[in-house]
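structure of the sequence below:
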Amino acid sequence: MQFRQQALAKLQSPEELDLPVRFARPQGWLVLSVTVVVMAAASVWAVTGSVASTVSAPAVLTHGEGSYILQSPAAGQVTAVLAKEGERLPADSPVLKVRTAEGEAVVRTVAAGRITALAATIGQIISTGANVAAVEKVADADDPLYATVYVPAENAASIPEDAAVDLTVQTVPSQEYGVLRGHVKSVDRTAQSAQQIAAFLGDSQLDEQFTQDGRPVAVLVKLDKSASTKSGYRWSSADGPPYGLTSMTMATGSIRLADQRPVDWLLP
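Residues are numbered from 1 along each chain as shown. Below is the predicted model of the structure:
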């Protein structure tokens, strides 16, 4: 009973009725303002912003036209090796002499290029169609290098024209010299078989490395040139490595895909 009387007296008391009501402290208004600004910025970015993503895949440095595997047109015994590894030869140049049942045959280059591998030695018995050499299609020492990146087929449609590419070259310490810069020149929209890769690279062993996760798509990358580096190409570091690059060098390519919107809005 006494508690009820005190409560009624408190309600009837006019004290503090003329004091202003404080809805929030200044700190609370500050937190609310920051929250509103952040939410507004996030909403604007969700509508107008984009997310950049990349795809990484194995790559190899080559000349633009690739290589081919030279095969013997006749069966017999190799009597002479007329070319050396690393030698550049014009088309129809002699590479081997083979003694056959009908006489001596000469194995010649099909197109101009550089001998990257010789699989035949003097005295060896070879059959018709045997692989005797790998020839890279390069006629001039100044022909530029390209990179061929073998990306998963499902990523091919997301690679835009002239997309930026960073290449980590196996023979170049990236911690010291950075990565090699380039841009996409073309995208082969057809998935490559192991046989096609082997024929282009002139190496029947590399195809397994590029097809471990299925048939890939070949992306040709033009390397950015630079007159201020020893290699003649642009690197993420100022000078790059103090030596040149050679074809058939393995690398890993990181290709920037087309920008994507972070939010897909569903309209009625």
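
okay, CA-based contacts and neighbour counts for the rest of this
Noted.

now do the buried residues in stretch 134-149.
134-138, 144-149 (16 or more other CA atoms under 10 Å).

ignore the last one, stretch 92-103
Buried residues in stretch 92-103, defined by neighbour count with 16+ other CA under 10 Å: 93-99.

any low-confidence regions in this structure?
Along the chain, segments meeting pLDDT under 70 span 1-52, 139, 258-268.

just the C-alphas of stretch 120-129, formatted as PDB.
Extracted in PDB, the C-alpha atoms of stretch 120-129 (Å, rounded to 0.1, in the frame of the first residue of the first chain):
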ATOM      1  CA  ALA A 120      68.200 -39.900 -84.400                       C
ATOM      2  CA  THR A 121      71.900 -40.900 -84.300                       C
ATOM      3  CA  ILE A 122      74.400 -42.400 -86.700                       C
ATOM      4  CA  GLY A 123      73.900 -46.200 -87.000                       C
ATOM      5  CA  GLN A 124      70.300 -46.100 -85.700                       C
ATOM      6  CA  ILE A 125      67.700 -48.200 -87.500                       C
ATOM      7  CA  ILE A 126      64.500 -46.200 -88.000                       C
ATOM      8  CA  SER A 127      61.100 -47.000 -89.600                       C
ATOM      9  CA  THR A 128      59.000 -45.000 -92.000                       C
ATOM     10  CA  GLY A 129      57.300 -42.200 -90.100                       C
END
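
give me the residues contacting that stretch.
Stretch 120-129 is touched from outside by 71-81, 132-133, with contacts defined as CA atoms under 8 Å, 6 or more residues apart in numbering.

at 10 Å instead, please
By CA atoms under 10 Å, 6 or more residues apart in numbering, the list of residues contacting stretch 120-129 from outside reads 70-81, 95-99, 130-133.

need the buried residues of stretch 92-103 in JSON lines (columns: distance to A153 and secondary structure).
Listed next are those as JSON lines, based on distance: CA to CA, whole Å; DSSP: H, G, I helix; E, B strand; the rest coil:
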{"residue": "S93", "distance to A153": "38", "secondary structure": "coil"}
{"residue": "P94", "distance to A153": "40", "secondary structure": "strand"}
{"residue": "V95", "distance to A153": "38", "secondary structure": "strand"}
{"residue": "L96", "distance to A153": "40", "secondary structure": "strand"}
{"residue": "K97", "distance to A153": "43", "secondary structure": "strand"}
{"residue": "V98", "distance to A153": "43", "secondary structure": "strand"}
{"residue": "R99", "distance to A153": "46", "secondary structure": "strand"}
